[in-house]
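Asks: Okay, structure incoming, though there's no sequence with it:
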């Protein structure tokens, strides 16, 4: 029997056995496949995954329910590597802070995959990123070998390959690492050193392009990259009073929503967040989860052995998920609902989007 003659119910049964990454690729086959996948297969909303470090171990926690009063996290993974490069389709990419070694793990299946060491000199785990290219179905790890904020190459490893590849970039290219390196929507993004442009490394054609920042990030402002509904976002933060860690206003701009010809060239303002009376920052690099936004406590530990952000996260109900074209105004005046269930005396290193998957890692063992 030809596949096109297969009864729809049988076709759906086959699709339901596939991992999310395969479904996303198969949507590109035809309009019929896209319709069946969109209408007949469940597409769960990503959950929040908190990555924390305590002593010699790192822990990954998933928050299943952000409903008010029930913000509880459950541990899904622990490892000796203390840096999270990123998450993608339910896979976690971790890095050793000391050596730069990389491992990819699947918390659902318990599999781990060691990947080849990057040949470029290792300087900072924050210069790594982990992304997925939908049209080809390839996972890629990207590394920016920075020297005083400048780069002349990008190192790329396609998951399953035995070695990294060097991709030259234009002279004078730079990266403001404090703003983050984020992979989303088939590209890896970073902010240039002057904070006037956002650079993108396309995971398909492996070319670097830049686009102007949506607004000027001048004195009294800072910015960092984030993700909003599968698109790149940039949070621009202003502070009313000098020498304070609590922002007065945060505006989040999203790149490339809507019209295809404006993809990765046009910014749209999507969130306007006012913080008043509480010590809160938007979670990084992910903060928006359906009808909630996540924040972290801005107060810092003072003891040397406990440096870093307090492991306290808070959920704030903003009414409903963001819809296309909307600018959501959010006032954060209340503490929010504290997320419980995380090990005491640990440092929060980031909050990420997470979809559970049974996708095997064995097919990527190439060395």
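Replies: It's in. Owing to the predicted nature of the structure, the values given are computational and were not obtained by experimental measurement. Numbers count the residues shown, from 1 in each chain.
Asks: Residue 271 and residue 330 touch, don't they?
Replies: Yes - at 6.3 Å, residue 271 counts as touching residue 330 under the criterion of CB atoms under 8 Å. Any C-beta I mention is one placed from the backbone N, CA and C, and that applies to glycine too.
Asks: any common contacting residues for these two?
Replies: Taking CB atoms under 8 Å, 6 or more residues apart in numbering as the contact rule, residue 271 and residue 330 both touch residue 293.
Asks: Those two: which has the busier surroundings?
Replies: residue 271 (24 against 17; other CB atoms under 10 Å).
Asks: Could you look up the SS state of that one?
Replies: Assigned with DSSP: H, G, I helix; E, B strand; the rest coil, residue 271 falls in the strand class.
Asks: Now it: closest residue in space, sequence neighbours ignored.
Replies: Residue nearest to residue 271 in three dimensions, not counting chain neighbours: residue 252, with 3.8 Å by CB to CB, 6 or more residues apart in numbering.
Asks: Let me see the contact set for that neighbour.
Replies: Neighbouring residues of residue 252 by CB under 8 Å, 6+ apart: 226, 228, 233-236, 269-273, 282.
Asks: For the protein, which segments count as helices?
Replies: 8-15, 20-26, 31-40 (DSSP state H).
Asks: Where does pLDDT dip in the stretch 101-250 of the chain?
Replies: The model of the stretch 101-250 of the chain has pLDDT under 70 over residues 239-247.
Asks: Please repeat the previous calculation with a cut-off of 90.
Replies: Applying pLDDT under 90 to the stretch 101-250 of the chain flags the ranges 134-137, 170-172, 194-195, 218-221, 229-230, 238-249.
Asks: Next, count neighbours for residue 122.
Replies: Quick note: residue 122 (other CB under 10 Å) scores 18 neighbours.
Asks: who's in contact with it?
Replies: Here residue 122 is in contact with 99-100 (CB under 8 Å, 6+ apart).
Asks: ditto for the one 3 residues further on
Replies: With contacts defined as CB under 8 Å, 6+ apart, the neighbours of residue 125 are 83, 85, 95-97, 100.
Asks: cutoff 6 Å now
Replies: Residue 125 is in contact with 83, 95, 97, counting by CB atoms under 6 Å, 6 or more residues apart in numbering.
Asks: try residue 59
Replies: 52, 75, 78.
Asks: who's it bridged to?
Replies: residue 52, residue 78 (DSSP bridges).
Asks: Distance-wise, check it relative to residue 253.
Replies: 32 Å (CB to CB, to the nearest Å).
Asks: Residue 13 now?
Replies: 42 Å.
Asks: Check residue 136 too.
Replies: Residue 136 is 28 Å from residue 253, by CB to CB.
Asks: Which of the two has more residues huddled nearby?
Replies: residue 253 (21 against 13).
Asks: Can you name the residues that contact that one?
Replies: 214, 234, 267, 269.
Asks: Among those, which ones are in strands?
Replies: 234, 267, 269 (DSSP state E).
Asks: burial count for the second one?
Replies: Looking back up the chat, that one is residue 267. When neighbours are counted by other CB under 10 Å, residue 267 comes out with 20.
Asks: Please verify my assumption that it contacts residue 214.
Replies: Yes - counting by CB atoms under 6 Å, residue 267 touches residue 214, with 3.7 Å between them.
Asks: Let me see the contact set for residue 332.
Replies: 275, 280, 316.
Asks: Who is the nearest residue to the second one once chain neighbours are set aside paired with across the strands?
Replies: Right, residue 280. Nearest residue to residue 280, sequence neighbours excluded (CB to CB, 6+ apart): residue 295, at 4.1 Å. Per DSSP bridges, residues listed as beta-bridge partners of residue 295: residue 282, residue 314.
Asks: for residue 295, what are its contacts?
Replies: Counted by CB under 6 Å, 6+ apart, residue 295 has contacts 280, 282, 314.
Asks: Distance check, the last one against residue 320.
Replies: If I follow you right, that is residue 314. The value you get for residue 314 to residue 320, if CB to CB is used, is 19 Å.
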